[in-house]
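# what's the 3D shape of this:
(2 chains)
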Amino acid sequence: MIRYILQRLAGMILVMFLVVTIVFIIVRVTPGDPAAVMLGPDATPQDVAELRSRLGLDQSIGLQYFFYLAQLLRGDLGQSIFLNMPVASALLDRAEPTFFLTLFSLAIASVIALPIGIYAAYRRGSFIDQAATTIAMLAASIPSFWLGLILMQIFAVRLNLFPVSGYGGPGSSFFDRMYHLTLPAFALGLVSSALILRFTRASMLDVLGDDYVRTARAKGLAERHVVLRHALKNALIPILTVLGLTAAVLISGAVVTETVFGLPGVGNLVVSAVLRRDYPVIQGALLVIAAIYVFINFVIDMLYLLVDPRVRY
Amino acid sequence: MKLKLAFLLASALIAAPNMVAAQEKGGVINVATIGEPPTLDPMVSTADLVGIVTQHIFETLYTFDKNWKVTPLLAESLPSISADGKTYTIKLRTGIKFHDNSDMTSEDVVASINRWLKLASRGKQVAGFVDSVGTTDPATVTIILKQPYAPLTSLLAFNNSAAIIIPSEKQADTMTDFVGSGPYMLKERKADQYIQLVRFKDYRSRTGQSDGYGGARHQYLDEIRFVPVPDPNTRVEAAVSGQYDYVDSLPVESFDKIKSSKASQPVLLKPFGYPIFVFNTAEGATKNVAVRKAIRQALSMEDMMAAAFGSQDFYALNGNIYPGNFVWSSDAGVAGNYNVADTEAAAKAAKAAGYNGEPIRILTSRQYEFHYKMAQVAAEYLKLAGFTVDMQVVDWATLTQRRTDKGLWDIYITHSPFLPEPALIGSLSTSSPGWWDTPARKAAVDAFTSEVNPDKRIALWANVQKTMYDEVPYIKIGDFNAVAAKSTKLEGVDPAPWPYFWNASVKK
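Numbering: from 1, shown residues only, chains lettered A, B, ... in the order given. Okay, here's the model as predicted:
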């Protein structure tokens, strides 16, 4: 078990090194220049060259990579070219909206998907099952940003119940900031619920026909007890996986939804950084996102151990 | 008669408090912008968004009135210029405080101008003409030029790549303290969330009437918050819902939708600017001026503007570089060279010019959708005229990099607001991508920039425009309007290419 964990940790370090290297190379070979973006449309090539030199971008890619690695080993993600702050601070600033957006979206998705998925599997072939499956298929096909625009049109513009965009102004309360997350959380949560619902239904169908479920029923246990205690527990592994991966996708920044709703989250930060070629921010953000993915996968594998006694390493 | 007078007096007394109330101090406004400015140092960037935000924090010696004439701001009056046009004596206003409570002196102004000459794109444009910048007393600055350079005052007035005045001890190349002398001071910047400006209580406004960017700056508002809303559709919905007091840069298609809103009303700036096709005059197929002329002959400006802006409410066909409301407006060189759309004649002209089917690489971006739409129409006209077209659609950051490489493009598409002084037009510079550098350009532009008599300069600008039509370094496509939206409660905001809010107030 400890050996397995150590092997996984070594693998994680290797993955992170590869991510750092690949991201660095992709970012540097992509056309575009932060100096040209910063100086604006009327800057001359000479102005751009001077700023590139001040930013150290005129050095060879190999040298820049070496300095970047050395900086990472010191625990420093670098300094944003545009934001006038360290990349780590920029990411920390963006963590709150992204974290709570993820949490609310996941909560909305789970509250909708788990009971319906379980019920649809239990009543396989019924009207509710067919309706749930069809709606889930449709919902999975809807881009979350499109749903976001529809929600915005109805609830923000017509009914004026929620703000169209933003994350609250200076001094805004925690409640106010969360209030700004309502529409984007529903846009993401509703779309995510489709995938979770389908996984829940499929996973429950797999276990509901198993012998131990029949045995439980034969013993005269109540149906609720059979479904929720015996069947659901064993169906949880794939559900946990999809919940974890959905969380990883959301926490790494619901890129388009954050941009549409003007939320200052990680996704928005990455989009702005890519558009203006803020190299340190792109590199730092992708590194952190990759670390989150790797970590969540690791946690899911560890959770398997707890949920399924048959899993042993 | 007495009754009439009494009625008028009573009406005036009733109206007066309302008028006063409308101009009362107080209130906070939220301004939705197209994104986060790349920097808050307006010297180092020519991006419009930087100027829009920072003009509230920093001030220049001069600015522009509503007729785009230079008017003093931190300077007491317009500069005294010596007879030979080489010495500018600038008297400064006294009692001006910076946001750190220090007093502005001529030392600060000299240090700031030197920083501008060193760092700013437009400052560097001037630097070659400047012999020295010095002080004669705490309230007087003298700029001595090596040769006359008439656009100097306009350049000192412009809010873009701006010659802002900052304290002498805050002159580092990379600005970290944003200390100006403007009516609002920076309180907090949360990148991609808001930029919070608060009223500077020790601000010394000019007296008299407000006049464009010049004159009195009233500071009615307590706070101005600039909020980035990068998605244009979201900006439209935000305007309709009334979430923001002012929403900048909206798609023209949204005009009617905003007009039908109860919370906001559209603000139409007519005309705002002009799209241009810049030619690579240094390398490739378009190095040949006859090929450039053939391309111009093929193009339909009417179809391009219609595709890009839809209704004629939002564009006008106009070959003059400046529209009629500028003193610089001239039709020199335009006749027979604008909106020709004769693909057959263009094909013959291209053949006669020795064009052999080399791809014409059009570099454009969808950052500005109207650029892309114009490029599509242009490509079809060029194909009809026998040109081979290679459309290169890239993101804006890639475009701004690629255009600096002479080997990568033949035409790139950009746009500009109408700048108050033609010498500010970037494409006139020989180092600007396009690299227009000919004896005719030098003769025309040098004569224009060294002439100090305003009336003569107007005629000389017409000559520059004619030279541009003769040598085709770029093609102007037309005039277009800009649409923004303001809350029905917001007052004192006039349409402007770089909207300003120091005279704005919120109706109670």
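# mind pulling up the pLDDT for B:Met19?
Per-residue confidence (pLDDT) for B:Met19: 43.
# beyond the helix or strand A:Arg214 falls within, next helix or strand please.
Under the criterion DSSP states H and E, the helix or strand holding A:Arg214 is helix A:211-218. Past helix A:211-218, further along toward the C-terminus, the next helix or strand under DSSP H and E is helix A:223-225.
# what are the contacting residues of that next one?
Residues lying outside helix A:223-225 but in contact with it, judged by Cβ atoms under 8 Å, 6 or more residues apart in numbering or on different chains, are A:216-217. Quick note: C-beta positions are derived from backbone N, CA and C, even for glycine.
# residues of whichever helix or strand A:Met137 is part of that come out buried?
According to DSSP H and E, A:Met137 maps onto helix A:127-141. The neighbour-count check on helix A:127-141 (16 or more other Cβ atoms under 10 Å in any protein chain shown) flags A:129, A:132-133, A:136, A:139 as buried.
# with respect to B:Ala444, which of the residues you listed is nearest?
Of all those, A:Ala139 has the smallest distance to B:Ala444: 63.8 Å, by Cβ to Cβ.
# so what's the closest one up against?
A:190-191, A:193-194 are the contacts of A:Ala139 under Cβ under 8 Å, 6+ apart.
# quick check, pLDDT for it.
Turning to A:Ala139, the model gives it a pLDDT of 85.
# what does B:Ala378 give?
According to the model, B:Ala378 carries a pLDDT of 97.
# doesn't it lie inside a helix?
Yes - under DSSP: H, G, I helix; E, B strand; the rest coil, B:Ala378 falls within a helix.
# mind listing the strands for the stretch 251-400 of chain B?
Counting by DSSP state E, counting those that start in this stretch, one finds strands in the stretch 251-400 of chain B at the ranges B:264-279, B:315-316, B:359-365, B:388-394.
# check contacts around the residue most central in space within chain B.
In chain B, the C-alpha closest to the average C-alpha coordinate belongs to B:Pro417, at a distance of 4.8 Å (Cα atoms, centre = their mean). B:Pro417 makes contact with B:48, B:272-273, B:497-498 under the criterion Cβ under 8 Å, 6+ apart.
# that one and chain A, how far apart?
The spacing between B:Pro417 and chain A, counted by Cβ to the nearest Cβ, to the nearest Å, is 11 Å.
# likewise for B:Leu74?
With distances taken as Cβ to the nearest Cβ, B:Leu74 is found 23 Å from chain A.
# near that residue, how many residues? Count them for me, please.
A count of neighbours around B:Leu74, defined by other Cβ atoms under 10 Å in any protein chain shown, yields 25.
# which residues does it contact?
B:Leu74 is in contact with B:59-61, B:92-93, B:96, B:104, B:109, B:165, B:181, counting by Cβ under 8 Å, 6+ apart.
# ok, of those residues, which one's closest to chain A?
Comparing the contacts of B:Leu74 against chain A with Cβ to the nearest Cβ places B:Thr60 closest, at 16.8 Å.
# the closest one: neighbour count?
By the measure other Cβ under 10 Å, the count of residues near B:Thr60 is 27.
# domains in the chain, by residue range?
Unless you meant another one, I'm taking chain A. Taking automatic domain parsing as the reference, chain A has its domains at A:2-73, A:90-312.
# switch to chain B, please.
Here the domain assignment for chain B is B:36-228, B:271-481, based on automatic domain parsing.
# reformat those as CSV; add distance to A:Met204.
Rendered in CSV, the data for the domains of chain B read as follows (distance: least, Cβ to Cβ, whole Å):
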stretch, distance to A:Met204
domain B:36-228, 42
domain B:271-481, 45
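# lowest mean pLDDT among the helices and strands, pick that one out for chain B.
helix B:2-22 (a mean of 44; mean pLDDT, DSSP states H and E).
# picking up where we left off before, let's have the contacts of B:Pro417 in CSV, adding pLDDT, distance to chain A and neighbour count.
As requested, those are arranged in CSV below (pLDDT from 0 to 100; distance: Cβ to the nearest Cβ, whole Å; neighbours: other Cβ atoms under 10 Å in any protein chain shown):
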residue, pLDDT, distance to chain A, neighbour count
B:Asp48, 90, 8, 21
B:Phe272, 94, 15, 22
B:Gly273, 95, 12, 18
B:Pro497, 92, 14, 19
B:Trp498, 95, 13, 19
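# which one of those residues is nearest B:Tyr213?
Distances from the contacts of B:Pro417 to B:Tyr213 were compared by Cβ to Cβ; the smallest belongs to B:Trp498, at 8.1 Å.
# for the closest one, which three-state class applies?
The assignment at B:Trp498 comes out as coil when based on three-state DSSP.
# give the contact list for it.
Under the criterion of Cβ under 8 Å, 6+ apart, the contact list for B:Trp498 reads B:48, B:51-52, B:55, B:159-160, B:417.
# now do B:Gly180
Counted by Cβ under 8 Å, 6+ apart, B:Gly180 has contacts B:54, B:57-59, B:98-99, B:164-166.
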